[in-house]
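Q: next input, structure requested:
(chains A and B)
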Amino acid sequence: MSEGLRGVIVAHAEVAAALVAAVAAITGDDAGLAPVSNAGCGREALRERLDAAVGAGPALVFTDLAGGSCTAAAAALARSRADVRVVAGVSLPMLLEFAFHRDETPEAAAARAVGAGHAAVREVGR
Amino acid sequence: MSVVLYRIDDRLIHGQVVVGWGQAAGATFIVLVDDEVRESAWEQELYRMGVPAEMDVVFASVPEAVAAAAAWERDPRKGIVLTGDIGTMAALCSGVPSVRRVNVGGIHFRAGRVERLRYVYLSADEAAALRALAGSGVEVTAQDVPTVTPVPLSQFA
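A: Residues are numbered from 1 along each chain as shown, chains lettered A, B, ... in the order given. Modelled structure (predicted):
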């Protein structure tokens, strides 16, 4: 796996932690992904959790729903940080793609994640 | 059918409101009364993103909401009116006496607030503001999702 770019997943309930666990189960490593839950958080508290998880360096933030508190907090952060990008609609395939391309810029990683997410959705078995 | 829910929720428009309440109530419009979001095009775009295309979203300041409330009440569709804090809802109720019920759906932890329910944290002033709202004739209950029983104000403020 590649190293470098920080990934943060912010999602409802325990979704983020479960996704990090799934990435670790598949790759053997958490791939620099940090989970953030919105449980019990208003906008300010969630923003604080997210700030702490992202830290000072460049990062790609994954959120579960395109609308809602998780994406609102992430988008607000990204507006104040040129080195942070946000992708909504997180999925395991896009996280696995991220895990192996962490040497990219946040912008390139975001585009890659969107592509991986789109490509992974398909009807199967027919 | 008009406005079926007046709700205080500090996460504003999010899944619990759109999916949980919106689907259960058959709401087809949501009004967010928030002076800050009313002035922010990018925040409006963000909150619109979480709402299905068939659902209308209106962003209003408190004065705009007071002026438009009668029209929302006459609207043949069902709607939800949302504020992010108690003060905004109290101001709305003060200007719109037809509001008879207010749902406290989510006021989360912040310094100075004490936990009253899992999803309701209040300062002493905020608890007093809710009691004052009830004293003006508005029924105030807490309920985060429509599938649980509403909690009377006396049990959390």
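
Q: tell me which stretches of chain B form helices.
A: Counting by DSSP state H, chain B has helices at residues B:15, B:22-25, B:35-38, B:41-49, B:62-74, B:86-95, B:124-135.

Q: the longest one vs helix B:86-95, what angle?
A: Angle, helix B:62-74 to helix B:86-95, by axes from the mean of the first three to the mean of the last three Cα atoms, to 10 degrees: 60 degrees.

Q: just the C-alphas of helix B:62-74, formatted as CSV.
A: Taking Å, rounded to 0.1, in the frame of the first residue of the first chain, the C-alpha atoms of helix B:62-74 are listed here in CSV:
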residue,chain,number,x,y,z
VAL,B,62,-37.2,34.9,10.9
PRO,B,63,-39.1,38.0,9.5
GLU,B,64,-39.5,36.2,6.2
ALA,B,65,-40.9,33.1,8.0
VAL,B,66,-43.3,35.2,10.0
ALA,B,67,-44.6,36.9,6.9
ALA,B,68,-44.9,33.6,4.9
ALA,B,69,-46.2,31.3,7.7
ALA,B,70,-49.9,31.9,6.9
ALA,B,71,-49.3,30.8,3.3
TRP,B,72,-47.4,27.7,4.4
GLU,B,73,-50.3,26.8,6.7
ARG,B,74,-52.7,27.1,3.8
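
Q: elements contacting it?
A: Here helix B:62-74 touches strand B:2-9, strand B:29-33, strand B:78-83, helix B:86-95, going by 3 or more Cβ pairs under 8 Å, 6 or more residues apart in numbering or on different chains; DSSP states H and E. Backbone N, C-alpha and C define where each C-beta goes, glycine included.

Q: residues in contact with it?
A: Contact with helix B:62-74 is made by B:2-3, B:29, B:31, B:33, B:35, B:38, B:58, B:60, B:79, B:81, B:88, B:91-92, B:95-96, B:98-99, as judged by Cβ atoms under 8 Å, 6 or more residues apart in numbering or on different chains.

Q: please name the nearest non-neighbouring residue to the residue of chain A found nearest chain B.
A: For chain A and chain B, the shortest gap (Cβ to the nearest Cβ) falls at A:G67, measuring 1.3 Å. Of all residues not flanking A:G67 in the chain, B:G50 sits nearest, at 1.3 Å (Cβ to Cβ, 6 or more residues apart in numbering or on different chains).

Q: contact partners for the one you found?
A: Contacts of B:G50 (Cβ under 8 Å, 6+ apart): A:65-68, A:71, B:13-15, B:18.

Q: is the residue of chain A closest to chain B in a helix, a strand, or coil?
A: Following DSSP: H, G, I helix; E, B strand; the rest coil, A:G67 is assigned to coil.

Q: isn't it right up against B:E45?
A: No - look at A:G67 against B:E45 with Cβ atoms under 8 Å: they stay out of range, at 10.2 Å.

Q: any idea how far A:G7 is from the most centrally placed residue in chain A?
A: By Cα atoms, centre = their mean, chain A has its centre lying nearest to A:F62, at 2.3 Å. From A:F62 across to A:G7, the span is 7 Å (Cβ to Cβ, to the nearest Å).

Q: overlap of the contact sets of these two?
A: Contacts common to A:F62 and A:G7, judged by Cβ under 8 Å, 6+ apart, are A:95, A:98.
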